[in-house]
Every structure is written in C-alpha cells, then in structure tokens.
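Asker: Pasted the sequence and its predicted model underneath.
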Amino acid sequence: MNNSSVMILDGGLGRELKRRGAPFRQPEWSALAMMETPEIVREVHDDYIKSGAKVITTNSYALVPFHIGDTLFEERGFELAKLSGEVARQAADESDHEVQVAGSLPPLFGSYRADLFQAEKVEALATPLIEALSPNVDLWLSETQSLIGEAVAVKAVVDSLSQEAKPYWVAFTLEDSLAIDEPVLRSGETVVEAIKKMHEIGVNAVLFNCCQPEVIEKALLAARETLTALEQPDFPLGAYANAFQPQRKDAAANSDVSSIRDDLNPEDYLGWAKQWQQSGVNLIGGCCGIGPEHIEALSKSFD
C-alpha cells in the first residue's frame, strides 16, 4: 500500500447499535447487542459495507471483564467472541465487493485506563478472544491502546497462538489535549516511542483512534517522520477519530454515554480525513459516533 492510496474502514459500533434500538447500557456497552440482538449487529456491518467500507471490525470490543464481569466472561466470553467473528464474516462474504474482517482486540482493562494494566493477566484474558475470533478474521486490530506495554503483550499472545500469520494492526488512543507540544498516548508515552516499538515487534500498521480529530494530525506527522528515519517511509498509518466532546483525563472511555459533538457531520469529518491523507495516512475510518453516513462520504471522496 503506497502513501497515495486510502483503504476505507468502518465506523463505530456501539453508538450505531444504540441508535438502531439495540439493547444498550453500562457496563455491558456494545456487548449487550452481541448477547441479545446479533441480527442488529449484522445490520450495522451490512450498512458499513454498503457505505463503502473495505474493512469491518468484529463486535468484540466490550467482551472483556471490564464490561461484562469476570463470571460472564468465563462462562460466555469465548462463545460471544466466536459469534462476533461469525456475524462479521457472513456480512463480508455476502457483500458485493471484497471486504476484510478485522478481529477487534480491545484494551483488556478498560479504555483509557493505562493505570489498570496488569501484565500477568494479559494471556488469560486475551487467549479466549484470539482463539474464538481466529477462524473468521483476516487481520488483527488491537484497538484503543493507551500504553505501549499492552500492545506488545497482546501481540505476543497472538503470535504464540497463531498457526497462520495474519496482518497485525495496532491503534493507539492519544491524550486529548491541543496544548501538548509532543503527541503522547494516554499513558504519557510519546508517539515516537510507540512507533519505534511497533516497528521493532513487527506490527504491520499503526493507527490512532478514539480521540478527537484535532489531535491526530500532529501524531501522524510525528509517526511519519519517525518511520522515515527508520527507513520505512511506506509503512501504513491510519486514523479513526471519535465524535465525543473532550474527555476528562481521569475518565474511562464509555464510562457513560458521552455527548456527541455537533461539528462533526460527514462533510466536517471528511475535511479532517483529507488533512490526514496529506499527512500520509493509508487507512481511514471512524470510531464512536462516526456512522455509515460518514463512511459513505469518505468512500465517495477517496474512491
């Protein structure tokens, strides 16, 4: 993939499920729809595909104890993750154009909560998700990573379990502050540090997600500069912002149903995406609050 081409990803699942009347509450978030109305999950996948998405993401983001609790995770985590892969796979296979399925590997200890990371629990939490999703996904997407250490640890589990090598993408979430000169993850680690480590461990693409579009461009420029220094100028980069109001530094993403900005309609979002492309992005989609109408605008413009 060269720097001039753009692959369109899907948008957010949780808010879109809620908008369509799927069961939706805290703490289960989007996991509840996987339990009770998988047919609505399928509808959302279908509509993202119709909007032009070339990659759809499994609805496995909330299938961790942070959202569904330890007991339900132990009893049904594998089953629900497997179902999320099957539903996405069916939607992709029945599409009228080629669509890949990304297996969502979520932050295991809560979005934005780098402080809750427990390295000794990564393997036990990640293994059932990886084993359940593996038969139906074309690539792995480690999403909304707040710190480098978790991204490294989860990839190590995937590598240890995988019989077939699949592309591995990591999406980092950024500190939502325009006042910071150097772009950083929510852990405080720099984007430069993250890019160097992901290159070292053999990640196939780095993206920035679940943060405001305003903070992403600076991160992309830092990432591309770092990759050029590493003699990897064509390494794929991606972006999929959320439409949330700025989040408190001590908040966890999806800890409540955050309000959505009114200045990120499809045309507004497309404007940000065009700036990202100029910064060397190859992969563009949307996160929380970015729906099929936004993806359609991206697809029509970049295709």
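Answerer: Ah, there it is.
Asker: Pull out the buried positions in the helix or strand containing Gly271.
Answerer: Using DSSP states H and E, Gly271 sits within helix 266-278. By 16 or more other Cβ atoms under 10 Å, the buried positions in helix 266-278 come out as Pro266, Asp268, Tyr269, Leu270, Trp272, Ala273, Trp276, Gln277. Placement of C-beta: from N, CA and C, glycine included.
Asker: ok, now stretch 202-221?
Answerer: So, applying 16+ other Cβ under 10 Å, buried residues of stretch 202-221: 203-213, 215-220.
Asker: From start to finish, how long is it in a straight line?
Answerer: Start-to-end span of stretch 202-221 (Cα to Cα, to the nearest Å) is 21 Å.
Asker: Could you do stretch 198-210 as well?
Answerer: For stretch 198-210, the end-to-end distance is 19 Å (Cα to Cα).
Asker: Contacts for it next, please.
Answerer: Residues from elsewhere that reach stretch 198-210 (Cβ atoms under 8 Å, 6 or more residues apart in numbering): 111, 139, 143-144, 151-152, 155, 167-174, 194-195, 216, 219-220, 223, 227, 230, 232, 235-242, 253, 282-283, 287-288.
Asker: Which residue ranges of the stretch 201-303 of the chain form strands?
Answerer: 205-209, 237-240, 283-284 (DSSP state E, counting those that start in this stretch).
Asker: Direction included, what does the longest one pair up with?
Answerer: This means strand 205-209. strand 168-172 (parallel), strand 237-240 (parallel) (DSSP bridges).
Asker: thinking Val101 is in contact with Asp93, fair?
Answerer: No - between Val101 and Asp93 there is no contact under Cβ atoms under 8 Å: 9.1 Å.
Asker: more crowded one of these two?
Answerer: Counted by other Cβ atoms under 10 Å, Val101 and Asp93 do not tie: Val101 has more neighbours, with 26 against 10.
Asker: host element of the more buried one?
Answerer: For Val101, the element it lies in under DSSP H and E is strand 100-105.
Asker: The next helix or strand after that strand vs strand 100-105, what angle?
Answerer: Heading C-terminal from strand 100-105, the first helix or strand you meet, by DSSP H and E, is helix 122-133. Orientation check (axes from the mean of the first three to the mean of the last three Cα atoms, to 10 degrees): helix 122-133 against strand 100-105 gives 150 degrees.
Asker: partner strands of the helix or strand just after helix 122-133, parallel or antiparallel?
Answerer: Sequence-wise, the next helix or strand downstream of helix 122-133 (DSSP H and E) is strand 139-145. Paired strands of strand 139-145, with direction, are strand 100-105 (parallel), strand 168-172 (parallel) (DSSP bridges).
Asker: For the shortest one, output the C-alpha coordinates as PDB.
Answerer: The C-alpha coordinates for strand 168-172 follow below in PDB (Å, rounded to 0.1, in the frame of the first residue of the first chain):
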ATOM      1  CA  TYR A 168      -1.500  -7.200  12.900                       C
ATOM      2  CA  TRP A 169      -2.600  -3.500  13.300                       C
ATOM      3  CA  VAL A 170      -2.300  -1.500  16.500                       C
ATOM      4  CA  ALA A 171      -4.500   1.600  17.100                       C
ATOM      5  CA  PHE A 172      -3.300   3.900  19.900                       C
END
